[in-house]
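In: Sequence plus predicted model, see below.
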Amino acid sequence: MDIDQILKKRMIDVIFQPIQDIEHHQVYGFEALARGPAGKLFSPANLFKASQKCGKLDQMELLCLQRALEETIHLPAGYPLFVNISPETLLYYHKDVINLIKSSPVKNVILELTEKNLKEKLLAEMAKVLHLLRGTGIKIALDDVGSGSRGFPNICELPADFLKIDRCMIQGLTKYKNGSAPHYFSALEAMVTMAATLGAAVIAEGVETQQQFQLVKKAGVYLIQGYYIAHPKPSQYWADRENQNREEVTLCSWV
C-alpha cells in the first residue's frame, strides 16, 4: 500500500479521544486521530512522514480532516471537534480547509496547529490566516506547548483559543528522582497564567496517571486528555456509551 492508493481509495480511519472537563465533571470535546491502513502506514507518524516525502502531505491532511468531519456525525451531538493540521497546510490551503468545514454539518471545529516550527518570516502571514479562520467561527489550538519545537514567538504572536500542553511537560511533573518535578510544576503554572493573559483555555494532554491528574488539577488546568481519562475509540463506541448512560447526571461515566 502506498500514499497514492491511500489517497485515491480514501483509506483513512479515524478514532476519537475525549477531552474531559474536570471542573464540571463532563466530556468537553473529542480529538480526531487519523490512522492509515493496516501495515507500516497505520501509524500516523509513518503515514504523514511518507506523505511529506512524496510531496503529498497537504493532500493527506485534507483527506484526514474530511474523514474526521464525516465520522463525527456518529459522535454524540454538540461536542467540539479537535483536528490536527500542520502550519504549512493551513497557511497555503486555508481556503480548502474553510470550505471542507463549512460544507459539513459539524458546527464547532478547533484546528490544532501542530508542533512543526514555523519560520519567523512567516509568523505574520500565519497570524493573518488564523485571524481569518477565527472570523469564520473556526477556533484554533496551539498543540505541543512546552515542547522544544513550540517556541514562545509562536505562542505570543499566533492568536489561539486553546493551548495544549505537551505530554513531555506532564511527564516532567513526576520526575522526582532528578529533582526537576517542582520546576515542571512551576512552568505549568506559568503557562496557565500566560494562557489567561492571552484569553486561551489550557488543555493538558498525555495525562496517564492519577498523580499527574492531581498535579495538573492543582496547577489550575481543568481540561484534561490522556490514557488516564480514556483511550481513543471509534465514533460508534462513544455513541453507544452515551446511549447506555442517558440517565446519568453527568457524562463522566463514559470514561
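Out: That came through, no problem. Numbers count the residues shown, from 1 in each chain.

In: Could you give the separation of the worst-scoring helix or strand of the chain on mean pLDDT from the chain centroid?
Out: For the chain, counting by mean pLDDT, DSSP states H and E, helix 152-157 ranks last in confidence among helices and strands (a mean of 83). Taking CA atoms, centre = their mean, to the nearest Å, one finds helix 152-157 lying 18 Å from the centre of the chain it belongs to.

In: Give me the contacts around it.
Out: Helix 152-157 has contacts (CB atoms under 8 Å, 6 or more residues apart in numbering) with 118, 120, 123-124, 127, 142, 145, 163, 194, 198. Backbone N, C-alpha and C define where each C-beta goes, glycine included.

In: Summarise which helices and strands the biggest helix by length in the chain is packed against.
Out: The single longest helix within the chain, with elements called by DSSP state H, is helix 181-198. Using 3 or more CB pairs under 8 Å, 6 or more residues apart in numbering; DSSP states H and E as the contact test, the elements touching helix 181-198 are strand 162-165, helix 167-172, strand 201-205, helix 210-218.

In: Please produce JSON lines containing these, extended by distance to T72.
Out: Converted to JSON lines, the helices and strands packed on helix 181-198 look like this (distance: least, CB to CB, whole Å):
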{"stretch": "strand 162-165", "distance to T72": "18"}
{"stretch": "helix 167-172", "distance to T72": "24"}
{"stretch": "strand 201-205", "distance to T72": "18"}
{"stretch": "helix 210-218", "distance to T72": "27"}
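
In: can you put the ones you listed in JSON lines and add mean pLDDT and mean neighbour count?
Out: Conversion of the helices and strands packed on helix 181-198 to JSON lines gives the following (pLDDT from 0 to 100; neighbours: other CB atoms under 10 Å):
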{"stretch": "strand 162-165", "mean pLDDT": "96", "mean neighbour count": "26"}
{"stretch": "helix 167-172", "mean pLDDT": "95", "mean neighbour count": "19"}
{"stretch": "strand 201-205", "mean pLDDT": "98", "mean neighbour count": "25"}
{"stretch": "helix 210-218", "mean pLDDT": "97", "mean neighbour count": "17"}
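
In: Among the ones you listed, which comes closest to I22?
Out: Taking CB to CB, helix 210-218 is the member of the helices and strands packed on helix 181-198 nearest to I22, at 6.3 Å.

In: Show residues contacting that closest one.
Out: Applying CB under 8 Å, 6+ apart, the external contacts of helix 210-218 come out as 22, 170-171, 173-174, 185, 188, 204, 207, 224, 226, 228.

In: give me that answer again for 7 Å
Out: 22, 170, 173-174, 185, 204, 207, 224, 228 (CB atoms under 7 Å, 6 or more residues apart in numbering).
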